[in-house]
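1. coords below, sequence missing:
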């Protein structure tokens, strides 16, 4: 009994130390509030597409310079990626920043918030890394919107030696995760034969017909795929003039499934639909499955539980992403979750009826709720990093959960 009492007392003291550390982490975020919010607004005002995020790259690395963290610019072979490190021993926890925008509607996915919440968490954690016996890695990850920046960075060793990874994504609700499904893009081109559409239509082979028939085949396919599967596409070339039989047409398609494993058979069915359109129209079809495929997200339950507890410390109560509050999409953070224990929670910045990837959401991402999400998100992530560094057994539990998911 006496030994057990000493053990409980020691554990209580350790928990008190961690509670104090979390208070200090929140203070460190608050000290940088003006810098973080100004950076969020600047990135929002200067939207940049994937691999073109030069303004955001310079802004964020400049802040890291000011903090004395000596960031590596153009990291891992990507001109707009960066990395910064703090701490000299113990577990390495990566916090990821995204900052690319969408064409036409800017930061309608709120990546300005992801960037600055991640930056704030990393800067706060850096102040206590040595004291808590851990290391933090702040990664700037470009081109999430279809460019696969994280995957390219991983291939160059960005996650080597990393024990866990995390980020936070804006949404219309506080959620412990996002329903992230696997996706791969396929770009298709059809080649036919031009002809005068009135005088000699019989001499033509209509590439647009091939594309349209492929589209119709997929429309029929949709009735017979799993509820969580998605196939959607657009025409990017549909001919030049109505009185010329189109000799060329092109389309881009997204194919999504619950997991990478389930994605493969669906890709084969989609390809058959597209090829059948070309065959029916007497045209040739060329295609390219764009690398990389995005994986589904394997949220790490022990890490999620700590995130949720820390969110409650700042007045948020994340829900389970099911039912009407579910957010469905794809992200290269899913690929990260296949490599190391990871989480991708959602933080509320807009009313529930406003969905991401809309102009309305873009406005919310630079508003008062967006600002609060930057600071709250930074605090919650920083406290979760501290848990992974200092809570006995937590990182082991996260690793065990990760291994179990990998074996499924």
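-> Sure thing, it's come through. Because the structure is a prediction, the values reported are computed rather than measured.

2. my read: residue 57 touches residue 83, true?
-> No. Under the criterion of CB atoms under 8 Å, residue 57 lies out of contact with residue 83, with a separation of 11.7 Å. Glycine gets a C-beta too; all of them are placed from N, C-alpha and C.

3. need the residues touching each of the two.
-> Residues touching both residue 57 and residue 83 by CB atoms under 8 Å, 6 or more residues apart in numbering: residue 140.

4. more neighbours: which of those two?
-> Between residue 57 and residue 83, counted using other CB atoms under 10 Å, residue 57 has the larger neighbour count: 23 against 20.

5. now that one: closest residue in space that isn't a chain neighbour?
-> Nearest-residue entry for residue 57: residue 80, 4.5 Å, with adjacent residues in sequence omitted and distances by CB to CB, 6 or more residues apart in numbering.

6. and what about that neighbour, helix, strand or coil?
-> Here residue 80 takes the coil state, with states given by DSSP: H, G, I helix; E, B strand; the rest coil.

7. average model confidence for stretch 280-287?
-> Per-residue confidence for stretch 280-287 averages out to 98 on the pLDDT scale.

8. and residue 313, how many neighbours?
-> For residue 313, the neighbour count with other CB under 10 Å is 15.

9. list the contacts of the residue most central in space within the chain.
-> Averaging the C-alpha coordinates of the chain gives a centre point, and the residue nearest to it by CA atoms, centre = their mean is residue 331 (4.0 Å). By CB under 8 Å, 6+ apart, residue 331 lies in contact with 144, 169, 178, 180, 294, 297, 344.

10. so which of those residues belong to strands?
-> Counting by DSSP state E, the part of the contacts of residue 331 found in strands is 169, 180.

11. farthest-apart pair in the contacts of residue 331, please.
-> Spanning the widest gap among the contacts of residue 331 are 169 and 294, at 14.1 Å by CB to CB.

12. could you count how many residues lie near residue 354?
-> Under the neighbour criterion other CB under 10 Å, residue 354 is assigned a count of 16.

13. does it really touch residue 360, like I thought?
-> Yes. Contact criterion CB under 8 Å: residue 354 and residue 360 qualify, at 4.8 Å.

14. quick one on the thing from earlier: any chance of TSV for the contacts of residue 331, columns distance to residue 402?
-> Formatted as TSV, these follow (distance: CB to CB, whole Å):
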residue	distance to residue 402
144	22
169	20
178	18
180	16
294	19
297	13
344	14
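
15. what is the nearest of the contacts of residue 331 to residue 337?
-> Ranking the contacts of residue 331 by separation from residue 337, with CB to CB as the measure, puts residue 297 on top at 5.2 Å.

16. for that closest one, phi and psi?
-> Main-chain torsions, residue 297, degrees, to the nearest 10: phi -100, psi 130.

17. what about it, distance to residue 288?
-> With the distance defined as CB to CB, to the nearest Å, residue 297 ends up 25 Å from residue 288.

18. show me which of those two is the more surrounded one.
-> residue 297 (24 against 10).

19. might you report the residue contacts of that one?
-> Applying CB under 8 Å, 6+ apart to residue 297 gives the contacts 177, 178, 180, 331, 333, 334, 337, 342, 344.

20. the last one and residue 165, how far apart?
-> In this view, residue 344 and residue 165 are 9 Å apart by CB to CB.
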